[in-house]
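Trainee: Quick one, what's the 3D model for this:
(chains A and B)
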Amino acid sequence: MRTIFLTSSLLLGLSLSAQNVDFVDANFYIDESAMVRAVNAQAANLTDLTFHIVSPNTPGAAYPAVPSQTMFLQYTSVKTAAPDDQRQITVDVVGGDFPAGVSLALTAQSAGTGSIGSGNEVELNSGTQSGILISSLGSAYSGTAAGQGIPVTYALNFTTEALDASTAGMISLQFTLSNN
Amino acid sequence: MKIGAEFPGSAIGWAGILWFGLLQGSAWSQVVVTNGLSHFHRGPSQEGGYIELWNPTQERQTALLILDSLLGPMRDLQIASEVPIPPETRVRVNYRWLSEDIISQGVRIFVSTAALAAMPEVQAGRVLVQISTRYAVDLYRGQICEELDLVWSGRDIRVTNQSKDFWAGSCYAIRNGERHGRSLAGGVLRPGDSRVWQLPEDSEGAWLENADGVIVASRRP
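Mentor: Numbers count the residues shown, from 1 in each chain, chains lettered A, B, ... in the order given. This is a model prediction of the structure:
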């Protein structure tokens, strides 16, 4: 917690024209906040986002591409002095396995008011399990309304010949707000 | 809330469908860290500190704290692993360095909120990806060094900490012979760490200022 003291001597200059004034120290406490949550386009807490990879209509055709989907990371960040003066948001695969032939590209675009940092793209698959989505985030906030926040677009990448429907399961992704 | 991308008229039907789902329960981080994501302790005389957590919700939450090593042994830090937090309440989670070791140490504490929702059931032919959020609070104990090794390559400067202590600070651009603007990069360099930071085209050099205000400046060749 950062504490800023305005001493009586500083306040003295502001009160020269006043009479019979008691001097009072003013203390300001600023939380060094770190807050983040995932929401959908309507700014509701995201509970379920589903991609379906379905077979084509015509025998002989490749599986059609799956439309990308977007969620939002709403955040509030108030930095302090170095070394906690820049933050980042990373994504990690913390459980499960990707189905054979499937990878997931996450693209984040920095958004908000303040030092919003810069966004990156991360492709997660059975070999790459983590990446930095947002870097150099300082004191900033995203807003709480619909469409506000860091848009994170999920694009499912696959080729038909690499798919294996028997390898379905569960994957756990975790978004971490940390010091750079 | 479900967002689906379905393709009607499948020739093969559900048997040919591979579901790939992203499922997020109520496990988004309701618990908030309010005293920073990086704490420094200078030497053995300072035995511990605290992480301040705030539960801004109307519900009782449980914060989970998991340790990971940034440098050195994790066993030298004592901290609770599970902390119940009443609604709209702040709590201080105390930690304590257990040994008098003066060797530089670093521990990362992952702070998350225990999920209230039950684990989803995975159906055959379906892939569910759970999503959650967490915070990483870095705790360091040691001294802060003043010297760095710097190597230029175009606009990039490679910064290496070859001391046995930490370097913690920020990198700024130099213009008109003075520090200019906001921090371009920064953080903690553990002993042996090396980072490459890019300076703006119009900068004259790099101004590296550690947490004690000690400056290492270098003009771009």
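Trainee: what about the most centrally placed residue in chain A, distance to chain B?
Mentor: The residue lying closest to the centre of chain A (CA atoms, centre = their mean) is residue A:73, at 4.3 Å. Distance, residue A:73 to chain B, using CB to the nearest CB, to the nearest Å: 8 Å. Bear in mind the C-beta positions are built from the backbone N, C-alpha and C, glycine included.
Trainee: what lines up beside the helix or strand hosting that residue in the sheet?
Mentor: Residue A:73 is located in strand A:69-77, with elements delineated by DSSP states H and E. Strand pairing for strand A:69-77, using DSSP bridges, gives strand A:34-39 (antiparallel), strand A:140-141 (antiparallel), strand A:150-158 (antiparallel).
Trainee: what's the closest non-adjacent residue to residue 39?
Mentor: In the absence of a named chain, this looks at chain A. residue A:72 (5.1 Å; CB to CB, 6 or more residues apart in numbering or on different chains).
Trainee: wrong one, chain B
Mentor: residue B:139 (5.1 Å).
Trainee: Please identify the most buried of the strands paired with strand A:69-77.
Mentor: Highest mean neighbour count among the strands paired with strand A:69-77 (mean count of other CB atoms under 10 Å in any protein chain shown): strand A:34-39, with a mean of 24.
Trainee: Not counting sequence-adjacent ones, nearest residue to the residue nearest to the centre of chain A?
Mentor: Excluding the flanking residues, the one nearest residue A:73 by CB to CB, 6+ apart is residue A:150, at 4.3 Å.
Trainee: hang on, the earlier thing: for my notes, please list the strands paired with strand A:69-77 in a markdown table and give mean pLDDT and distance to residue A:173 for each entry.
Mentor: Putting the strands paired with strand A:69-77 into a markdown table (pLDDT from 0 to 100; distance: least, CB to CB, whole Å) gives the following:
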| stretch | mean pLDDT | distance to residue A:173 |
| --- | --- | --- |
| strand A:34-39 | 87 | 10 |
| strand A:140-141 | 94 | 23 |
| strand A:150-158 | 90 | 10 |
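Trainee: Those: which one's closest to residue B:76?
Mentor: The closest of those to residue B:76 is strand A:34-39. By CB to CB, the value is 24.8 Å.
Trainee: In which helix or strand does the spatially most central residue of chain B reside?
Mentor: Residue closest to the average C-alpha location in chain B (CA atoms, centre = their mean): residue B:136, at 4.1 Å. Following DSSP H and E, one finds residue B:136 within strand B:126-141.
Trainee: For residue A:81, list the residues it contacts.
Mentor: residue B:211 (CB atoms under 8 Å, 6 or more residues apart in numbering or on different chains).
Trainee: Need the pLDDT of it.
Mentor: On pLDDT, residue A:81 comes in at 70.
Trainee: what is the orientation angle of the helix or strand where residue B:183 lies with strand B:126-141?
Mentor: Per DSSP H and E, residue B:183 falls inside strand B:178-189. Angle, strand B:178-189 to strand B:126-141, by axes from the mean of the first three to the mean of the last three CA atoms, to 10 degrees: 110 degrees.
Trainee: quick one, strands of chain A?
Mentor: Shown for chain A, the strands assigned by DSSP state E span residues A:2-6, A:26-30, A:34-39, A:48-53, A:69-77, A:87-96, A:102-108, A:113-114, A:118-119, A:121-124, A:130-137, A:140-141, A:150-158, A:170-179.
Trainee: most packed of those strands?
Mentor: strand A:34-39 (a mean of 24).
Trainee: Could you pull out the helices in chain B for me?
Mentor: When assigned using DSSP state H, chain B turns out to have no helices.
Trainee: Would you mind pulling up the elements that the strand holding residue B:183 packs against?
Mentor: Packing partners of strand B:178-189 (3 or more CB pairs under 8 Å, 6 or more residues apart in numbering or on different chains; DSSP states H and E): strand B:167-175, strand B:194-198, strand B:205-210.
Trainee: Now do the shortest one against strand B:205-210, angle only.
Mentor: Using the same axes, to 10 degrees, one finds that strand B:194-198 and strand B:205-210 are set 130 degrees apart in direction.
Trainee: how far is strand B:194-198 from where the chain is centred?
Mentor: 18 Å (CA atoms, centre = their mean, to the nearest Å).
Trainee: Give me the buried positions along the strand holding residue B:183.
Mentor: Neighbour counts over strand B:178-189 (16 or more other CB atoms under 10 Å in any protein chain shown) mark B:180, B:183-189 as buried.
Trainee: Give me the sheet partners of that strand and which way each runs.
Mentor: strand B:167-175 (antiparallel).
Trainee: Make JSON lines out of the helices and strands packed on strand B:178-189 and add mean pLDDT and mean neighbour count.
Mentor: Shown next, in JSON lines, are these (pLDDT from 0 to 100; neighbours: other CB atoms under 10 Å in any protein chain shown):
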{"stretch": "strand B:167-175", "mean pLDDT": "90", "mean neighbour count": "22"}
{"stretch": "strand B:194-198", "mean pLDDT": "90", "mean neighbour count": "14"}
{"stretch": "strand B:205-210", "mean pLDDT": "92", "mean neighbour count": "22"}
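Trainee: Of all the ones you listed, which one is nearest residue A:103?
Mentor: Nearest to residue A:103, of all the helices and strands packed on strand B:178-189, is strand B:194-198, at 27.5 Å by CB to CB.
Trainee: For that closest one, name the packing helices and strands.
Mentor: Partner elements for strand B:194-198 (3+ CB pairs under 8 Å, 6+ apart): strand B:156-160, strand B:178-189.
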